[in-house]
Every structure is written in C-alpha cells, then in structure tokens.
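In: please find the sequence and the predicted model below.
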Amino acid sequence: MKHAKHDRTPWVALGGLAAVILCAVVIFALRGSGAKAKDAEIPGTRGTIAATVQLPARSARGDELPLVVLCHGFTGNRQGDGHFAPLANDLAAQGIATVRLDFAGCGDSTEPYTAYTLANMAADVDSVIAYMQATYGTGKTALVGHSMGGRLASLYPQLGQYPVTALALWSPANGTGLHGLEFLNSNDFAVVEELAARADAEGSVAAWGVTLSAAYIDGMRDSDPNAVLRASGLPVLLTYSGNERILSDTTQSETQAAVESLPGGQIVLDSFVNGDHNYTSEDPDTNARLDADLRQITVTFLTSHLQ
C-alpha cells in the first residue's frame, strides 16, 4: 500500500503542477489577446450588456490587473465621442485593463431609452466589474465618466456595490437634483422643471430626441453627486472645457469646490479652454490636441492611483 501510494504521488504532483501551468497559460493568452479591443456581450443583472474589453499585452502586477470602467454621457455610446478607444490603448500600454459599455437605450443596447436610469446605470457598472473580476482577475478599479457618465461616476460610491480607487470626471453633469438636467434647456431652467412635472404625471416625457422615464427624473431629483464626492474622500480628477454651453457656471463652480475639498482632488481647466463640452473642436489641430491632452492627463492621474 505504501509503495503504491508512493508511485502515484509524483503523478499527483505533476497533475497539480500541470493545472497551475494551464491556468497561467490561459490567463496569459487572455491578456495577450486583449491587447486588441474585443467586443463582448456581458451578462448583467438586468440582461446582456454591449461592451468592449481591452487588456494589456502583459501585466506588471502579476495575477491582478487594475481596471478602468469608461462611462459615456447622455444619449452617447461606448465610443465616448472618439476619446474612449485611444484612451483604452493608452491605459493598456500602462498595464491597465478597460471595459466600456453602452448604457440602456444607447449604442448597441437593445433596451428602450426609458430603461436609462441612474440606478440601472450603476447596476450595469456593477455587472461589468463583476465580469472583469471573474473573467480576468481584475483588482483595483477606477471610473472615468463624461457628462452624465461623470454624474454616475460621482454617485457610484453611493449607488454601486464595488469599491473604487479613483474617479476621473470629464465635464460631469453634477448639478444638485434636477439641476443635473439643465442641459435639456440651458437657456431656461423652467422648461426643465416643466418636463420633469410632465414625466411625473404621465410616466415619461420626450426630450432631446429620446423618451425619459419618470424613474430617471426621480433619480436625478433625489441625487446630489457633489455631496457623495465629498463623503467618498476619493482621489478625483475633474476637467471642464472653456466652451461649455450646456452646463451652468454654478454647476461647474460647485463641482470644483467639492473636488478642491478632497485630499486627492485635481482640477485641470487650462488645457481645454478651446474645447466644447465633448472636448472637440472644428479646427483639426485643436481637436487633436484636446484629445491628446485629455488622454495624457487622465492616464497620468489613473496610473498614479492604480499602480
């Protein structure tokens, strides 16, 4: 009996070693293939989420990859006005994985826009983080959010299930309550209030070419993203553009004050004085410079907190 057990031990040990090697090969293959962006249908708690995953060719962090979730703005998509794909490339070069997703009613989402709510957006971010952790072993996580995606990122420490390490906010729509909807009519906030009242009475309202649900309006009314930022104490990068036409000066100044109160708060404005809300310009050279500066500043901030 002892002899038989002794004979099998090397094979057991070799079998365990082989399993470890196989797992390492699989992880390496997944990460190696991820150097190129790959579209994915991620299972979510509310249904399938259309997304794009990008992994670095290799990681300097061993078995744990840092992760950045890219959150687009209102009526946008996971292209992020052309900024997200090159940003994902830059982050991959720094050993950081990314996932960018289409929120309900946007991009390749099959849901109606009435499913676009802050709660559903947070749930989808939960789902993609869970997927990336289970599939690729990601660890430290940060969010990048533009406009309404920036409001979601600001609120995520309150609405989400997973801890985050840092937030990068590009022109976040962080007005308190319904003032977060000021972009629907930047010239007359009374119009926004009327739209909200109609949504409350009728269950939904048409605006900006989409149908907004009363649940979305309620979520906006009940949220204070800058208060959540202050309470989170997280490192936050904040940028606003010089030609911001849909977010009020009050929203910008209040958000800047919130970020300034944070020990890890960083505000960058001068680099984007010639950009619009989407960090673009009709002048090709200015447009290219805006994108390059936005990515460089964001990558520098994120790598300092994720690596």
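Out: Cool, the structure landed. None of these values were measured; they are calculated from a predicted model. Residues are numbered from 1 along each chain as shown.
In: can you show me the helices along this structure?
Out: 2-33, 84-93, 118-136, 148-159, 189-202, 214-221, 225-232, 249-260, 284-306 (DSSP state H).
In: mean neighbour count, those helices: which tops it?
Out: Across these, the average number of neighbours (mean count of other C-beta atoms under 10 Å) peaks for helix 148-159, which reaches a mean of 26. C-betas here are computed from N, CA, C, even on glycine.
In: if I take it and helix 214-221, what angle do their directions form?
Out: 80 degrees (axes from the mean of the first three to the mean of the last three C-alpha atoms, to 10 degrees).
In: which residues does helix 148-159 contact?
Out: Helix 148-159 is contacted from outside by 70-74, 76, 103, 118-119, 121-122, 125, 143-145, 164, 167-174, 180, 223, 225-226, 228-229, 231-232, 234, using C-beta atoms under 8 Å, 6 or more residues apart in numbering.
In: at 6 Å what do you get?
Out: Residues from elsewhere that reach helix 148-159 (C-beta atoms under 6 Å, 6 or more residues apart in numbering): 71-74, 121-122, 143, 145, 167, 169-170, 172-174, 180, 223, 225, 228-229, 232.
In: longest strand in the chain, please.
Out: If you go by DSSP state E, the chain has its longest strand at strand 138-146.
In: what comes into contact with that strand?
Out: Strand 138-146 is contacted by residues 64-71, 73, 97, 129, 132, 152-153, 156, 164-170, 302, 306 when judged by C-beta under 6 Å, 6+ apart.
In: filter those residues to the buried ones?
Out: Among those, the ones that count as buried by 16 or more other C-beta atoms under 10 Å are 65-71, 73, 97, 129, 132, 152-153, 156, 164-170, 302, 306.
In: quick one on the thing from earlier: may I have the strands that pair with the longest strand of the chain, each with its orientation?
Out: Here strand 138-146 is paired, per DSSP bridges, with strand 65-71 (parallel), strand 166-170 (parallel).
In: what residues does the last one touch?
Out: Residues lying outside strand 166-170 but in contact with it, judged by C-beta under 6 Å, 6+ apart, are 142-146, 150, 153, 234-239, 298, 305.
In: next, the angle helix 225-232 makes with that strand.
Out: Using the same axes, to 10 degrees: strand 166-170 against helix 225-232 is 160 degrees.
In: use 2 as the first number from now on
Out: Renumbered: residue one is now 2, and that last one reads strand 167-171.
In: need the contact list for the nearest residue to residue 112 once chain neighbours are set aside.
Out: Leaving aside its chain neighbours, residue 112 sits nearest to residue 105 (4.2 Å; criterion: C-beta to C-beta, 6 or more residues apart in numbering). For residue 105, the contact set (C-beta under 6 Å, 6+ apart) comprises 112, 116-117, 121.
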